[in-house]
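Novice: Kindly return the folded structure for what I paste below:
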Amino acid sequence: QVYFIVTYNENSRSLANRCGAAVPVTRKIKAALAWGGYLMLHEKLKTPEKELISQRPQCHKWIVPDMRHETQERTENGNWLPQLTLALRNYHLIFTVKKSTIPNAGMGVFVRAVQGGAEENEESSTFVLESGELLDIGIYAPFCISDKKEEHVFFVKNFVHSMKAEEWAFDTIESDTMFDITDDCTGDIHDLARTHIPAYINECGRRYEPSIRAEHDPEGNVHYLFGHVASKLSIPTDGEEIELFIDYGPEYENVRLRKGYSELSTEEKAKRLKELQQEDADYLGEIETFSGENIIDCIRFFVDLFLSGKQGEKRKISELVRQRSAIVIERLRERAQDILDFKEESNMVDSVKDSIVRAEQLLNKLKETN
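Specialist: Purely as a prediction, here's the structure:
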């Protein structure tokens, strides 16, 4: 993977940051996106260089719609699901959530094109995104401050929820944090994320070309981009709907194996499942490498989960989650004690001692609720 170091215009950066953004001075950007942005600038300026630049292979142009409108639509069974309308080049693209064409995949996202914003036209035409044009359909994550977690905090949360939180996790542009759009109490996708289209897009198999790509914006937010990298994407305005798919890559294989839709060969699948079972068995061994600061962060997560609820608030936490939480908290307490006994971090003695006290309070609380 080749990257460019991009320096943002100081006036534009200052303006964005005054409006609450957090755009850095420089950032690494994938070569395809960097060349695509450069090409779009020269097209806008109508410089003679554009003919030469347009011959660059695999340029990705990040396209922003002219208009974006998202609503919640009530279904026949009384549920509310998001609907998104994007306007671009005298077309409206209407994204809706309905049963996926993939068996047992639940809901999926479909898109249809309407010319000129009208529902019916005498002559049908076709909406086209050229090869490498990627239309921004919105943010996948984060939606709130708590969606960005330290990697070690997400590590213990994922165990507590039997590894299902990793299905909704995404890397950030930082090496030690994750985006996590699941509820801390249940491990299921949280209510705010459910109100947006990207959360319903399914993953495709190897037989299909994905129509969605995930990219980070200058602030590090994850956006879903609609389009094909190496071919045109066409949607006729005759009412035809196409389902959107994304490919999460090889890093997502553990989720595929756990959910039973991995497309690995039978032999490779059996081998990986055996390795995965061993990884899960050894999972908490990672806690032995945690620093005092890591332990404090994780204990704080459990304090917020079990001790910080409003008085009389009944939190939806299952017995299994409570049991697995107790296992993790005990391992964190043991690791904190080792740090004290072996004098590993002399500058954090008081904080580590406090984390042990908090861990014992949590364990007592969990015993009371059993």
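Novice: can we go C-alpha only for contacts and neighbour counts from here?
Specialist: OK.
Novice: what is the rounded mean pLDDT of the helix ranked longest in the chain?
Specialist: The longest helix of the chain (DSSP state H) is helix 319-341. The pLDDT scores in helix 319-341 average 95.
Novice: just the helices in the stretch 251-370 of the chain please.
Specialist: Assigned by DSSP state H, counting those that start in this stretch, the stretch 251-370 of the chain shows helices spanning 253-259, 266-282, 292-306, 319-341, 349-369.
Novice: okay, the ones you listed in TSV with distance to residue 237 next?
Specialist: Shown next, in TSV, are the helices of the stretch 251-370 of the chain (distance: least, CA to CA, whole Å):
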stretch	distance to residue 237
helix 253-259	35
helix 266-282	42
helix 292-306	49
helix 319-341	48
helix 349-369	58
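Novice: can you redo those helices as TSV with mean neighbour count and distance to residue 89?
Specialist: What follows is the helices of the stretch 251-370 of the chain, written out as TSV (neighbours: other CA atoms under 10 Å; distance: least, CA to CA, whole Å):
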stretch	mean neighbour count	distance to residue 89
helix 253-259	16	38
helix 266-282	12	45
helix 292-306	19	47
helix 319-341	18	50
helix 349-369	16	57
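Novice: Minimum distance to residue 21: which of these has it?
Specialist: Of all the helices of the stretch 251-370 of the chain, it is helix 292-306 that lies closest to residue 21, at 25.6 Å by CA to CA.
Novice: Does that closest one pack against any helices or strands, and if so which?
Specialist: Counting contacts by 3 or more CA pairs under 8 Å, 6 or more residues apart in numbering; DSSP states H and E, helix 292-306 packs against helix 151-160, helix 319-341, helix 349-369.
Novice: Pipe these into CSV and attach distance to residue 35 per row.
Specialist: Shown next, in CSV, are these (distance: least, CA to CA, whole Å):
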stretch, distance to residue 35
helix 151-160, 32
helix 319-341, 46
helix 349-369, 49
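Novice: Show me the one of the ones you listed that comes nearest residue 145.
Specialist: Comparing the helices and strands packed on helix 292-306 by CA to CA, helix 151-160 comes nearest, at 14.1 Å.
Novice: CA atoms of that closest one as PDB?
Specialist: The C-alpha coordinates for helix 151-160 follow below in PDB (Å, rounded to 0.1, in the frame of the first residue of the first chain):
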ATOM      1  CA  GLU A 151      -8.000  -1.000  22.200                       C
ATOM      2  CA  HIS A 152      -7.500  -2.700  25.600                       C
ATOM      3  CA  VAL A 153     -10.900  -1.600  26.800                       C
ATOM      4  CA  PHE A 154     -12.500  -3.000  23.600                       C
ATOM      5  CA  PHE A 155     -10.500  -6.200  24.100                       C
ATOM      6  CA  VAL A 156     -12.200  -6.900  27.500                       C
ATOM      7  CA  LYS A 157     -15.600  -5.700  26.300                       C
ATOM      8  CA  ASN A 158     -15.500  -8.100  23.300                       C
ATOM      9  CA  PHE A 159     -14.800 -11.000  25.700                       C
ATOM     10  CA  VAL A 160     -17.600 -10.000  28.000                       C
END
